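Asker: below are the sequence and a predicted model for it; my questions follow.
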Amino acid sequence: MKIKHNKNWSYIFLLTICFGFSSFSNAQSNGFEVIKNMELLDLIYQHLDMYYVDEPQPGKMSKTGIDAMLRELDPYTVYYHENNIEDYRMITTGQYGGIGAIIRKIDDYSYIIEPREGKPAQLAGAKAGDKILTIEGKNMKDKSSEEVSDALKGPKGTTIDVTVLRDGEKITLAITRDEIKIDDAPFTRMFDNNIGYIKLNSFMPQSTSADVKKAYVELKSRGITSLIFDLRGNGGGLMIEAVKIVNMFVKKGQSVVTTRGRVEDENRDYLTTDAPLDLDIPIVVLVDENSASASEIVAGSLQDLDRAVIIGTTSFGKGLVQRTYDLKYGSKMKLTIAKYYTPSGRCVQRLEYYDKELGVRPQEIADSLVKKFKTVNGRNVIDGRGIEPDFTIDKNELSRLTSTLYAENILFNFATDYTKSHATIPQAELFKLSDSEYEAFKTYALSKEFDYSTASEEMLKKMKETAEEEGYLEEATVEYDALLAKVVPSKKRDLDKFEPEIKELLENEIVSRYYYQNGRIINSFNNDRFVLKAIEVLKDNKKYNGTLNP
């Protein structure tokens, strides 16, 4: 039997050769390797097409192969197929066509977790806790949250019917999609002692620096004498916007960041070009493990120039610069073209990549692998780990019980029920659960089926196994059983023991039902150890100045 070879493979082969010679002309040193490997790739495609037991899917295989190849480089060099352009647009601009709501899969269905204030879902009457039954008549049962999200997205101005279940009643909401922009506009606040606060969620639009400038000028007009600039959770964006923001607080002509790449044209020095707004106001910058890229440029350069005190946890560690290139057939490629360096000369890129998409956390970097650099005032800073703060806030790990209550949606569901019997609540910063309300929550939680274990219990069980193997358990059985009884979870006991952290999360969840995202931020100030530390440092001139001038 003669097997016919798909002519498409011949076309691919011709493209391969063309690409190979094109690459050869650009980089003769590895041109042969390019041609050889692309030819081998074509031969593999041919054999799969002719002999594989099932009908191959060339498009899917190509996407998988490209993704795997790029993953060998770094987590930020990625390929966007034409079908993923909407995702690319959201990542690069913070915008997409949709309804403006956070959704999460709970059991068989996805639920609206948080409608954004003033966005289509909220304006159409959607509420947190709504179970999404159908979208345009299509059943959403057993659909992943990604599938539901895709169904909710679409062109601005189009209207979709979303049927939700609320309090046992089916409600159909006609939601007109709009251009949804991930909120990055500065949130401002003024604390006692004339301390200003600006929170920025991203550096995505080209207006970011103008928005921050406007927010700062407004706060200054109200009499602030020091500033907290909150970049926690800010994943970055446009580098030039970071430079402009630093420019507000340092002199004109100051180098903020330099980029260095394999291509000569990528070696650039980004200087401040405008007169500063304020060279003297004390500044604290808040960062955490999710502060990345442009956030690290702002924090790192202000730290290197001894212009701000950094408080928080070590930042993400993304010191790589990307550029997007248009490919054929509507696809794109985002490519790492350079590394960036702060004024002291350090690159904050982690030596071990942190690939959040794959759930890969970075390994600890040995001190022997990092290099030391000097700030303007001679303080030591290092590379290879992100931005290390001047004052570190220990991560507040939640108890196993609290984590379980969150993961099992018990906190979320109680908040949903709470809103049914409370038409209003006090202002976000004043809201507190009463003792009787927390007792009601305890009763509610104890009525639910959930299990958890403590770390101590798990360690004791491991110790028991070791003791049995070594023959010591028989002599210590009574003591072991007594100790185990103290660490085995007791829901009622632990609901009392961990009341402060449970109430903090629960109060914040309830506040969000009435005051949305800004309400969450305002309510969190009551227990925000990062902000409280920043206020402490800014109120103590000796501590602030002593940090920058050791």
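Answerer: Now that the structure is in, tell me what you want to look at. Numbering: from 1, shown residues only.
Asker: for the rest of this, base every contact and every neighbour count on C-alpha atoms.
Answerer: OK.
Asker: mind naming the longest helix for the protein?
Answerer: As assigned by DSSP state H, the longest helix anywhere in the chain is helix 499-524.
Asker: so which bits of that one are buried?
Answerer: Judged by neighbour count using 16 or more other CA atoms under 10 Å, the buried positions of helix 499-524 are 501-517, 519-524.
Asker: got it, and stretch 269-289?
Answerer: For stretch 269-289, burial by neighbour count (16+ other CA under 10 Å) applies to 269-272, 276, 282-289.
Asker: and what of stretch 37-52?
Answerer: In stretch 37-52, counting by 16+ other CA under 10 Å, buried: 38-39, 42, 45-46, 48-49.
Asker: can you tell me the SS state at residue 198?
Answerer: strand (DSSP: H, G, I helix; E, B strand; the rest coil).
Asker: roughly how far does the nearest residue to it once chain neighbours are set aside sit from residue 61?
Answerer: Once flanking residues are discounted, residue 198 sits nearest to residue 188: 4.6 Å by CA to CA, 6 or more residues apart in numbering. Computed as CA to CA, to the nearest Å, the residue 188 to residue 61 distance reads 48 Å.
Asker: looking only at neighbour counts, state which of these two leads.
Answerer: Ranked by neighbour count (other CA atoms under 10 Å), residue 188 and residue 61 place residue 188 first, with 19 against 12.
Asker: quick one: that one is in a strand?
Answerer: Yes: using three-state DSSP, the assignment for residue 188 is a strand.
Asker: so what's it up against?
Answerer: Neighbouring residues of residue 188 by CA atoms under 8 Å, 6 or more residues apart in numbering: 196-199, 215, 219.
Asker: now do it, the pLDDT please.
Answerer: According to the prediction, residue 188 has pLDDT 96.
Asker: could you do residue 365 as well?
Answerer: 69.
Asker: which one is residue 487 nearest to, not counting chain neighbours?
Answerer: Closest to residue 487 by CA to CA, 6+ apart is residue 457, at 5.6 Å.
Asker: ok, the one you found - contacts?
Answerer: 484, 487-488 are the contacts of residue 457 under CA under 8 Å, 6+ apart.
Asker: try residue 54
Answerer: Counting by CA under 8 Å, 6+ apart, residue 54 has no contacts.
Asker: distance check, it against residue 47.
Answerer: 12 Å.
Asker: now swap in residue 368 and tell me
Answerer: Distance of residue 368 to residue 47, given as CA to CA: 49 Å.
Asker: same question, residue 375
Answerer: 59 Å.
Asker: could you look up the SS state of residue 480?
Answerer: helix.
Asker: check it and give its pLDDT.
Answerer: Looking at residue 480, its pLDDT stands at 75.
Asker: neighbours of it, how many?
Answerer: Neighbour count of residue 480, defined by other CA under 10 Å: 16.
Asker: list the contacts for it?
Answerer: Contacts of residue 480 (CA under 8 Å, 6+ apart): residue 464.
Asker: pretty sure residue 452 contacts residue 489?
Answerer: Yes: contact between residue 452 and residue 489 holds when scored by CA atoms under 8 Å: they sit 7.2 Å apart.
Asker: ok, these two, which is more surrounded?
Answerer: Using other CA under 10 Å as the criterion, residue 452 and residue 489 rank with residue 489 on top: 18 against 15.
Asker: roughly how far apart are that one and residue 399?
Answerer: As defined by CA to CA, residue 489 lies at a distance of 11 Å from residue 399.
Asker: can you list residues touching both of those two?
Answerer: Between them, residue 489 and residue 399 share no contacting residue under CA under 8 Å, 6+ apart.
Asker: any idea of the mean pLDDT for stretch 220-240?
Answerer: Confidence over stretch 220-240, taken as the mean pLDDT, stands at 96.
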